[in-house]
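*Asks:* sequence and predicted model, in that order:
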Amino acid sequence: MASTANMISQLKKLSIAEPAVAKDSHPDVNIVDLMRNYISQELSKISGVDSSLIFPALEWTNTMERGDLLIPIPRLRIKGANPKDLAVQWAEKFPCGDFLEKVEANGPFIQFFFNPQFLAKLVIPDILTRKEDYGSCKLVENKKVIIEFSSPNIAKPFHAGHLRSTIIGGFLANLYEKLGWEVIRMNYLGDWGKQFGLLAVGFERYGNEEALVKDPIHHLFDVYVRINKDIEEEGDSIPLEQSTNGKAREYFKRMEDGDEEALKIWKRFREFSIEKYIDTYARLNIKYDVYSGESQVSKESMLKAIDLFKEKGLTHEDRGAVLIDLTKFNKKLGKAIVQKSDGTTLYLTRDVGAAMDRYEKYHFDKMIYVIASQQDLHAAQFFEILKQMGFEWAKDLQLVNFGMVQGMSTRKGTVVFLDNILEETKEKMHEVMKKNENKYAQIEHPEEVADLVGISAVMIQDMQGKRINNYEFKWERMLSFEGDTGPYLQYAHSRLRSVERNASGITQDKWINADFSLLKEPAAKLLIRLLGQYPDVLRNAIKTHEPTTVVTYLFKLTHQVSSCYDVLWVAGQTEELATARLALYGAARQVLYNGMRLLGLTPVERM
Ligand SMILES: NC(=[NH2+])NCCC[C@H](N)C(=O)O
């Protein structure tokens, strides 16, 4: 076989058939892309089909038995020929060269198997040098995306929907960043509306400064619950102006009118809550660039929106309220109220104004909303309204929705706050860990590890299925070390770390010069092929917006690593062989690490 450097330059010389990628900013090679080029060029010679048509038709495979890349011949749209016959003919003629191990026809598909020996020489050093950067590439040039996610409501519980939005949004933000986008992480708080008048009145009655400072989120919720009880007890017994409800309404009116005094207390509620949120999100490795919220939508945008509605002839009035009949554009969207009869704004209109503000301020190329599917109609409505208002950028808005979580509650009650869930998971995880006394004794900061592993349990459970599916929150299964769980991934990572720790003599700097041709076993070859796929997994995930694309890959990877342990020993081998195997394990650890970080997890060293 020719030298690797030669082969790479040979591959690089092939012009890119269709750059699905705006030049990789990294000088290193993206192996899957190079292979795509090679295959496109060669297949073009054989088939006469233009290589620019072949390149995008090359798909990655779901199982390694089907090769590393495959092409469905029907996608090339060749008239009058039987795709199955073409597959057989072309596969036979295809020159494997040094790059491919074999090329097979399978029905209307041609399956391409990369040469693992060649792959190893390229992929392992690439991973070991790029480290945390492996997998990233500049898919776009100068593009900005706003990702709005989590968006809880102040003084109300942080429910499962917010948790899912947080987890999925955090992942998407990392993913876009890895693929070259400038990302703005935005939290759009529910921090406006009549309930804040109620909260202010409630605070006068039941508030406690100390409690507010110490635990704003729970305290405000407490106040909110108590004041709502008052309202319930009052019923219709008191005239409106003197009733709690009336006072709350009046208070909120003052807030909407910009009364400084009325806004003061609300501002404090907001600030204290945000401070607390910042800490909680940090536990999930999330840091927002912007804490915006319904309260932050500018008056100008709201006025401009109402004007534009009229100018475009979108609205009509009904008993003092202003409506838009969206059925004209899409039957399913119904009629939407955009202004109440008392002139106050609505959730829907605030979303319209917020989007206008954001475009004004950021000139985003794309804006993603991570919101529960219960609000599909709401999102579709304001997307359509923005489109009808004539904003060209309305086409760049995208909804990433998700299903419900069933049965998420703490031991103590059914009302859930994110902090409580994380605390409880940590406690439970700690109990599980204590059962293995020997191991437990070796862990330096068991509480910290319990926290990180517990969080992985919650997150992986959430990201395992397709977003749109509902799932049931199951403590037992989620915390188990067996099966495809968060703790299992953490365990796999810590075990790879221990392989490294035990190879004291062979330090990391030696790995890169290992003789990779010693990695001959089928288990090793399969692992190498999997490692080479990682960059493509990210590119696929940015198309699907599905965390499960990455999660599924990581489980495949860890299962393969685990099969390798049975046959690829490090202890008791010659130094050469041990080095090659360590390099392979080291590369696998790095990829697992990168994938876990991408999902928002913190991989642990020991557990
Ligand atoms: N732009 C939006 N509407 N984002 C979603 C906000 C979610 C809202 N705060 C809720 O809890 O239901």
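*Replies:* That came through, no problem. Numbers count the residues shown, from 1 in each chain.
*Asks:* who are the packing partners of whichever strand or helix holds residue 277?
*Replies:* Assessed by DSSP states H and E, residue 277 sits inside helix 260-283. Contact analysis of helix 260-283 by 3 or more C-beta pairs under 8 Å, 6 or more residues apart in numbering; DSSP states H and E lists strand 182-189, helix 194-206, helix 209-214, helix 216-234, helix 244-256, strand 290-293, helix 418-434 as its packing neighbours. The way it works is simple: take the backbone N, C-alpha and C, and place the C-beta from them, glycine included.
*Asks:* quick check: mean pLDDT across that helix?
*Replies:* Averaged over helix 260-283, pLDDT sits at 93.
*Asks:* again, but for stretch 356-376
*Replies:* Averaged across stretch 356-376, pLDDT comes to 98.
*Asks:* which residues are in contact with it?
*Replies:* Residues outside stretch 356-376 that contact it (C-beta atoms under 8 Å, 6 or more residues apart in numbering): 143-151, 161, 164-165, 168-169, 172, 184, 186, 296-298, 301, 304-305, 355, 378-379, 386, 391, 393, 396-404, 468, 545.
*Asks:* now stretch 513-525
*Replies:* Stretch 513-525 has contacts (C-beta under 8 Å, 6+ apart) with 116-117, 120-121, 124, 528, 560, 563-564, 566-568, 576-577, 579-584.
*Asks:* now the residues you listed: which count as buried?
*Replies:* 116-117, 120-121, 124, 528, 560, 563-564, 568, 577, 579-584 (16 or more other C-beta atoms under 10 Å).
*Asks:* which of the residues in stretch 504-524 are buried?
*Replies:* Quick answer for stretch 504-524 (16+ other C-beta under 10 Å): 506, 511-512, 514, 516, 518-519, 523-524.
*Asks:* by proximity to the ligand, which residue of the stretch 1-150 of the chain wins?
*Replies:* For the stretch 1-150 of the chain and the ligand, the shortest gap (C-beta to the nearest ligand atom) falls at residue 148, measuring 5.8 Å.
*Asks:* how near is the most centrally placed residue in the chain to the ligand?
*Replies:* With distances taken as C-alpha atoms, centre = their mean, residue 171 lies nearest the centre of the chain, 2.3 Å away. Distance of residue 171 to the ligand, computed by C-beta to the nearest ligand atom, to the nearest Å: 17 Å.
*Asks:* any idea of the pLDDT on residue 238?
*Replies:* Looking at residue 238, its pLDDT stands at 87.
*Asks:* tell me the SS of it?
*Replies:* coil (DSSP: H, G, I helix; E, B strand; the rest coil).
*Asks:* who touches the closest residue to the ligand within the stretch 201-350 of the chain in this structure?
*Replies:* Residue nearest to the ligand within the stretch 201-350 of the chain (C-beta to the nearest ligand atom): residue 347, separated by 6.8 Å. Neighbour list for residue 347: 193, 294, 378 [criterion: C-beta under 8 Å, 6+ apart].
*Asks:* how does it look with 10 Å?
*Replies:* Listed by C-beta atoms under 10 Å, 6 or more residues apart in numbering, the contact set of residue 347 reads 190, 192-193, 294, 375, 378, 382.
*Asks:* where is pLDDT lowest across these?
*Replies:* Ranking the contacts of residue 347 by pLDDT puts residue 193 at the bottom, with 86.
*Asks:* what's around that one, how many residues?
*Replies:* The local packing of residue 193 (other C-beta atoms under 10 Å) involves 21 other residues.
*Asks:* quick check: it touching residue 340?
*Replies:* No - the criterion here is C-beta atoms under 10 Å, and residue 193 misses it with residue 340 at 11.4 Å.
*Asks:* which neighbours do those two share?
*Replies:* Joint contacts of residue 193 and residue 340 (C-beta under 10 Å, 6+ apart) are residue 346.
*Asks:* from the buried ones among the contacts of stretch 513-525, which ones fall inside helices?
*Replies:* Per DSSP state H, helices hold the following members of the buried ones among the contacts of stretch 513-525: 116-117, 120-121, 124, 528, 560, 563-564, 577, 579-584.
*Asks:* against residue 582, how distant is residue 592?
*Replies:* Relative to residue 582, residue 592 is positioned 15 Å away (C-beta to C-beta, to the nearest Å).
*Asks:* kindly apply the preceding question to residue 220 instead.
*Replies:* In this view, residue 220 and residue 582 are 54 Å apart by C-beta to C-beta.
*Asks:* and the strands in the chain?
*Replies:* Secondary structure of the chain (DSSP state E): strands located at 59-60, 69-72, 100-106, 109-114, 144-148, 182-189, 290-293, 315-318, 321-325, 335-339, 366-372, 397-402, 405-406, 471-472.
*Asks:* paired strands for the second one, with orientation please.
*Replies:* The strands beside strand 69-72 in its sheet (DSSP bridges) come out as strand 59-60 (antiparallel), strand 109-114 (antiparallel).
*Asks:* how about that strand, which residues are buried there?
*Replies:* Buried-residue list, strand 69-72, by 16+ other C-beta under 10 Å: 69-71.
*Asks:* does residue 562 touch residue 482 like I think?
*Replies:* No - at 11.5 Å, residue 562 and residue 482 do not qualify as touching, with contact defined as C-beta under 10 Å.
*Asks:* more neighbours: those two, which one.
*Replies:* Neighbour totals were compared for residue 562 and residue 482, and residue 562 leads with 14 against 9 (other C-beta under 10 Å).
*Asks:* OK, contacts around the more buried one?
*Replies:* Contacts of residue 562 (C-beta under 10 Å, 6+ apart): 488, 491-492, 495, 523.
*Asks:* which one of the residues you listed is nearest the ligand?
*Replies:* Distances from the ligand to these, taken by C-beta to the nearest ligand atom, are shortest for residue 488, at 32.0 Å.
*Asks:* confidence score at residue 412?
*Replies:* 53.
*Asks:* who's the closest residue to the ligand within the stretch 401-550 of the chain bridged to?
*Replies:* Proximity to the ligand, evaluated over the stretch 401-550 of the chain using C-beta to the nearest ligand atom, is greatest for residue 401 at 10.7 Å. Per DSSP bridges, the residues bridged to residue 401 are residue 371.
*Asks:* what about it, how many residues nearby?
*Replies:* With neighbours defined by other C-beta under 10 Å, the count for residue 401 comes to 19.
*Asks:* now residue 461
*Replies:* A total of 22 residues lie near residue 461 under the criterion other C-beta under 10 Å.
*Asks:* mind listing what it touches?
*Replies:* Contacts of residue 461 by C-beta under 10 Å, 6+ apart are 167, 405, 471-475, 477-479, 484-486.
*Asks:* buried ones from those, can you make that a ChimeraX selection?
*Replies:* Command for ChimeraX, covering only those of the contacts of residue 461 found buried under the criterion 16+ other C-beta under 10 Å:
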select :167,405,471,473,475,478,479,484,485,486
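*Asks:* turn the contacts of residue 461 into JSON lines, columns for pLDDT and distance to the ligand.
*Replies:* Below are those laid out as JSON lines (pLDDT from 0 to 100; distance: C-beta to the nearest ligand atom, whole Å):
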{"residue": "167", "pLDDT": "97", "distance to the ligand": "15"}
{"residue": "405", "pLDDT": "91", "distance to the ligand": "14"}
{"residue": "471", "pLDDT": "93", "distance to the ligand": "19"}
{"residue": "472", "pLDDT": "92", "distance to the ligand": "21"}
{"residue": "473", "pLDDT": "88", "distance to the ligand": "18"}
{"residue": "474", "pLDDT": "87", "distance to the ligand": "24"}
{"residue": "475", "pLDDT": "86", "distance to the ligand": "25"}
{"residue": "477", "pLDDT": "89", "distance to the ligand": "27"}
{"residue": "478", "pLDDT": "89", "distance to the ligand": "24"}
{"residue": "479", "pLDDT": "90", "distance to the ligand": "28"}
{"residue": "484", "pLDDT": "95", "distance to the ligand": "30"}
{"residue": "485", "pLDDT": "97", "distance to the ligand": "28"}
{"residue": "486", "pLDDT": "97", "distance to the ligand": "25"}
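*Asks:* of the contacts of residue 461, which is the nearest to residue 435?
*Replies:* Set against residue 435, the nearest of the contacts of residue 461 by C-beta to C-beta is residue 479 (11.6 Å).
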